[in-house]
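In: 3D model of this:
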Amino acid sequence: MCKIAARNLTRLKELKSDIPNPSNEDREINFIDMAAEIKGINEKKIREFFGGKPIESYYVKKICNFLKVDVTEIVDPDEWNRLQNLVNPHNPAGEFNQIEQHIPRQIFKNIVDDKTREFVGREYIYDQIDEYLKDESFPSGYILLKGEPGIGKTALMANLVRKRKWIHHFVTEGTDSTEIFLASICSQLIVKYELPYSKLPECQPDQRILTYRNFIDEDLLPQAIEKVKDNKEDNTVVILVDALDEAKRSPLDGELNILGLPKALPQGVFFIVTSREADDQHFYVNNNKRIDIKDNDKDNLNDVRRYVKNYLHHLGVKQQIEKWQVSDGDFIEKITDKSEGNFMYLFYVMTDIKEQKLSEDIKDSIHDLPQGLNGYYSKLWDFMERSYKDRFKEID
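Out: Residues are numbered from 1 along each chain as shown. Alright, predicted model coming up:
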């Protein structure tokens, strides 16, 4: 917290009296006028400031900027620097930041780095997403990306994170509970939009889910939208959630949606969510659009071809193509056909080819490659069973 010395407050009050009133030139600007002019601060905070009460350094800087005075002219520079060093630069409301601990950044970074390493295509899906985000008849809501395992849902979300820097949560081991998800989203909203909070609301452990959900609904999303509403280039708040089907429910979730996702969203707020097909995910929302990622879709198959083509320069791939006596074009088409449009299959098979790890029974003919992801797993299982007979037990 930051308190202004009395002598400096006198000076600031004099500066305030010199500021022209935008609503009435004949009247001196008052605290209500100032609150209307300064974004992200209310009349109460301004009154506390001029009344000599300590307030957060975040608000002190806003008021000084409005009065066109350098904050270090009214606060001891050493003390000001000390306060700034104690504060997360993206979350300057409190002197002791407790927000970052709720964001599993390293887990998410590892996923983004891994999934975008060989990434190609998906423009047709991104175009659909952008079309929905700009659709005036769809002012807020959920965009659901549905597809079978291995179709590349996590990769396309990771690429969105890398390219657009949207708030995101990947549901995986260690991040799959409702409490962890809500704490992560709360914290990312505070950091990204520089909202004036240094910690999440305090409550009993069994009340965290409901408390965090209410905090998002009643405080964070409305404030985030307020921050971006005048941005002509992007006045939306977008949150990515990957692998909704892998989220865990607990008795504390009650009747809430899976992960506590809000049923309705404020105007300008969008969640982009991926999931495989599932019968009951406990996910009920008012407004949504759906994008199906189909393995046999021509755009998906074109992305498959591009993915395979990117491997052609690897020595191991060149050698295998030569051994199979096929052209580059035939190689691309055959792998595309064998993959059945599944990127997980592509990753495994192309890695095996590149690293010269193909099993003996398929080294001589490209036609002997397993068909589809299930075929790959079946062949792998047969290989393991033959290689490690002593470790396999027959189950009645």
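In: hey, which helix or strand in the protein has the poorest pLDDT?
Out: When the helices and strands of the chain are compared on mean pLDDT, DSSP states H and E, helix 77-85 comes out lowest with a mean of 64.
In: Now the element after that one, going C-ward?
Out: Elements were assigned by DSSP states H and E; along the chain past helix 77-85, the next helix or strand is helix 105-115.
In: Three-state assignment for the nearest residue to L182 once chain neighbours are set aside, please.
Out: Distance criterion C-beta to C-beta, 6 or more residues apart in numbering; nearest residue to L182, sequence neighbours excluded, is Y212 at 3.8 Å. Every C-beta, even on glycine, is put in place using the N, C-alpha and C of the backbone. In terms of secondary structure, Y212 is helix; the call rests on DSSP: H, G, I helix; E, B strand; the rest coil.
In: spatially speaking, which residue is in the middle of this protein?
Out: In the chain, the C-alpha closest to the average C-alpha coordinate belongs to H168, at a distance of 1.3 Å (C-alpha atoms, centre = their mean).
In: Hmm, that residue is touching A243, no?
Out: No. Using C-beta atoms under 8 Å, H168 and A243 do not qualify as a contacting pair, with a distance of 11.5 Å.
In: got the end-to-end distance for stretch 140-151?
Out: Using C-alpha to C-alpha, to the nearest Å, the span of stretch 140-151 from its first residue to its last is 27 Å.
In: Can you give me the buried ones in that stretch?
Out: Within stretch 140-151, the residues that count as buried by 16 or more other C-beta atoms under 10 Å are S140, G141, Y142, I143, L144, L145, K146, G147, E148, G150, I151.
In: any idea which element the closest residue in space to I103 that isn't next to it in sequence lies in?
Out: By the measure of C-beta to C-beta, 6+ apart, the closest residue to I103 outside its immediate chain neighbours is S187, 4.9 Å from it. When secondary structure is defined by DSSP H and E, S187 falls within helix 178-192.
In: Kindly format the C-alpha coordinates of that helix as PDB.
Out: What follows is the C-alpha trace of helix 178-192 in PDB, where atoms were taken according to Å, rounded to 0.1, in the frame of the first residue of the first chain:
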ATOM      1  CA  THR A 178     -12.600 -27.900 -11.300                       C
ATOM      2  CA  GLU A 179     -10.800 -26.000  -8.500                       C
ATOM      3  CA  ILE A 180      -7.400 -26.000 -10.400                       C
ATOM      4  CA  PHE A 181      -9.200 -24.900 -13.600                       C
ATOM      5  CA  LEU A 182     -11.100 -22.100 -12.000                       C
ATOM      6  CA  ALA A 183      -8.100 -20.800 -10.100                       C
ATOM      7  CA  SER A 184      -6.000 -20.900 -13.300                       C
ATOM      8  CA  ILE A 185      -8.700 -18.900 -15.300                       C
ATOM      9  CA  CYS A 186      -9.200 -16.400 -12.500                       C
ATOM     10  CA  SER A 187      -5.500 -15.800 -12.300                       C
ATOM     11  CA  GLN A 188      -4.900 -15.500 -16.000                       C
ATOM     12  CA  LEU A 189      -7.700 -13.000 -16.300                       C
ATOM     13  CA  ILE A 190      -6.200 -10.900 -13.600                       C
ATOM     14  CA  VAL A 191      -2.700 -11.000 -15.100                       C
ATOM     15  CA  LYS A 192      -3.700 -10.500 -18.800                       C
END
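In: tilt between that helix and helix 105-115?
Out: Our comparison of helix 178-192 with helix 105-115, counting by axes from the mean of the first three to the mean of the last three C-alpha atoms, to 10 degrees, yields an angle of 90 degrees.
In: May I see the buried residues of helix 178-192?
Out: If you call a residue buried by 16+ other C-beta under 10 Å, then helix 178-192 has these buried ones: 178-192.
In: My guess is F119 contacts M157. True?
Out: No. Judged on C-beta under 8 Å, F119 makes no contact with M157 at a distance of 10.9 Å.
In: Assign the residue nearest to the centre of the chain to helix, strand or coil.
Out: For H168, the secondary-structure state derived from three-state DSSP is strand.
In: How much space separates it from G174?
Out: Relative to G174, H168 is positioned 15 Å away (criterion: C-beta to C-beta, to the nearest Å).
In: Same check on L210?
Out: Taking C-beta to C-beta as the criterion, L210 is separated from G174 by 22 Å.
In: confidence score at the residue lying closest to E48 once chain neighbours are set aside?
Out: The shortest distance from E48 to any residue other than its chain neighbours is 5.3 Å, reached at I55 (C-beta to C-beta, 6+ apart). I55 is assigned a predicted lDDT (pLDDT) of 76.
In: Any idea what I55 is bridged to?
Out: Judged by DSSP bridges, the bridge partners of I55 are C2.
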